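> Got a predicted structure plus its sequence, pasted below:
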Amino acid sequence: MAVAICGGKPALVAAQPHPAADAEHLFHCPDVRSAANAHSWQRDALTAYTCMIRNQAQDTVMRILLRTLSAWSFIAVVFAVLAAALAIVGYLVFDYQRNAITRNVEQRLATVAELRTQQIASWVSVRRANAKV
């Protein structure tokens, strides 16, 4: 006899696979044919078969969860990529606008400085002309 863990509970099963069942999950004892052991073998086979069905159900649930998780993972990755792209584009637009505003302000200040320079030069030349007279 061997002990198999099924759903967190130990189950007694025989050491050799049953010929009519899945070799991984069902076991029986072919050497002992007494009535007492036949009942025990049937109980062990039923326990192993129940364990096999439960394992198949758990496998199916896990496959569904993995598909769901992979779908959610895909959605999360797409969302993250789009969010990163939006952040990068937003930063580039912000940087372009900041530089454009800076250039515009610098151009206006340069124009004002040039006009002030011309006004001062004109004022100085008028004052020198008045000083000569």
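Yep, it's here. Numbering: from 1, shown residues only.
> Stretch 50-58 - what's its average pLDDT?
In this model, stretch 50-58 has a mean pLDDT of 79.
> C-terminal to the helix or strand of the chain with the lowest mean pLDDT, which secondary structure element comes first?
When each helix and strand of the chain is scored by mean pLDDT, DSSP states H and E, strand 27-28 comes last, with a mean of 43. Beyond strand 27-28 in the direction of the C-terminus, DSSP states H and E gives the next helix or strand as helix 35-132.
> Could you name the helices and strands sitting against that next one?
In this structure, helix 35-132 packs against strand 2-6, strand 9-13, strand 27-28, with contacts taken as 3 or more Cβ pairs under 8 Å, 6 or more residues apart in numbering; DSSP states H and E. C-beta: built from backbone N, CA, C; applies to glycine.
> Check these for me: which has the lowest mean pLDDT.
Set side by side, these differ in mean pLDDT, and strand 27-28 is lowest with a mean of 43.
> Many thanks, I have nothing further to ask.
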